[in-house]
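Colleague: give me coordinates for this.
(2 chains)
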Number of protein chains: 2
Amino acid sequence: MPATAEQIHAALDRYVAAFTHGDKAGYLALFAPDATVEDPVGAEVAAGSEAIAAFWDGVRAMTPTITLEVTGTPRVAAGEVAVNLRAIPELGDTKMAVDIIDVMAFDDDGRITSLRAFWDMAEMAPYEG
Amino acid sequence: MPATAEQIHAALDRYVAAFTHGDKAGYLALFAPDATVEDPVGAEVAAGSEAIAAFWDGVRAMTPTITLEVTGTPRVAAGEVAVNLRAIPELGDTKMAVDIIDVMAFDDDGRITSLRAFWDMAEMAPYEG
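Modeller: Prediction:
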């Protein structure tokens, strides 16, 4: 039994909320223990809870405040999802924005087993609302 | 050396054109010999040129005319891309539409090595232009 669409939509809601509220524990709770995070695609893969916690810390060291928004209907298929997101990090006094497509796979408990984030640092630009 | 962004954008243009024009040879030429196609995600994976040709034939048997449009900026990362597409198949006298996110990986010659298409048949609806 793959994760249901309901489980996946609920996990996405929690993912966006945890990211936006800086809720590290809530973020880590979304992942299966042996999950992998590749963000952006091409970067070193963080494998397992400890590595994912270190990934979170690294991101937050650069930009403590990041708003994450779902910007398109998530495309759910067979226990996976591809979804359009916008990340709005605050770098110093400047709000930036970058568009992302995340691809996530889930286990049958609705926990993320794999997250791959497609985005390009070169496309980050000042936020225009 | 992963495929460059230029190679990936060019391959996407050719992919959309081949699909829309019913150009089977042009479509097949986009793939590496050992490429895989999983469309939609969760369906049987077509592995290799022969299986991908059979996949094409199966799709065209159901719907001979399909317009494919890129509907968002492709997100390129490390020789892969995630891209929003709309497929507009004609089923009998009815134009339908479904939104898709495709994830493709490329070899260093810019040929597709893996294509995974995230979409849900339940979201197919009459085309509204």
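Colleague: residues in contact with stretch A:45-63?
Modeller: Residues external to stretch A:45-63 that are found in contact with it (Cβ atoms under 8 Å, 6 or more residues apart in numbering or on different chains): A:22, A:24, A:27-28, A:31, A:33-39, A:66, A:89-91. Glycine gets a C-beta too; all of them are placed from N, C-alpha and C.
Colleague: weed out the non-buried ones from these.
Modeller: Listed as buried from the contacts of stretch A:45-63 are A:Y27, A:F31, A:A35, A:T36, A:V37, A:E38, A:D39, A:I66, A:P89; burial here means 16 or more other Cβ atoms under 10 Å in any protein chain shown.
Colleague: and the last one, helix, strand or coil?
Modeller: With DSSP: H, G, I helix; E, B strand; the rest coil as the basis, A:P89 sits in strand.
Colleague: is it bridged to anything, and to what?
Modeller: Note on A:P89: beta-bridge partners by DSSP bridges are A:I66.
Colleague: that one and A:L68 touch, don't they?
Modeller: No: using Cβ atoms under 8 Å as the test, A:P89 is too far from A:L68 to be in contact (9.4 Å).
Colleague: which strand or helix spans A:A53?
Modeller: In this assignment (DSSP states H and E), A:A53 forms part of helix A:49-62.
Colleague: and A:V76, how far is that from B:A29?
Modeller: Noted for A:V76: a distance of 31 Å to B:A29, by Cβ to Cβ, to the nearest Å.
Colleague: out of the buried ones among the contacts of stretch A:45-63, which sit inside helices?
Modeller: The members of the buried ones among the contacts of stretch A:45-63 that map onto helices under DSSP state H are A:Y27.
Colleague: could you dump the buried ones among the contacts of stretch A:45-63 into TSV with pLDDT and distance to A:V45 added?
Modeller: Supplementary listing: these in TSV, determined by pLDDT from 0 to 100; distance: Cβ to Cβ, whole Å:
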residue	pLDDT	distance to A:V45
A:Y27	97	17
A:F31	98	13
A:A35	98	10
A:T36	98	5
A:V37	98	7
A:E38	98	5
A:D39	96	9
A:I66	95	21
A:P89	95	22
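Colleague: now do the strands in chain A.
Modeller: Taking DSSP state E as the test, the strands found in chain A are A:31-38, A:46-47, A:66-70, A:75-77, A:80-91, A:94-106, A:112-118, A:125-126.
Colleague: looking at those strands, which is buried most?
Modeller: strand A:75-77 (a mean of 26; mean count of other Cβ atoms under 10 Å in any protein chain shown).
Colleague: and that one, which strands flank it?
Modeller: Applying DSSP bridges to the sheet, strand A:75-77 is found paired with strand A:80-91 (antiparallel).
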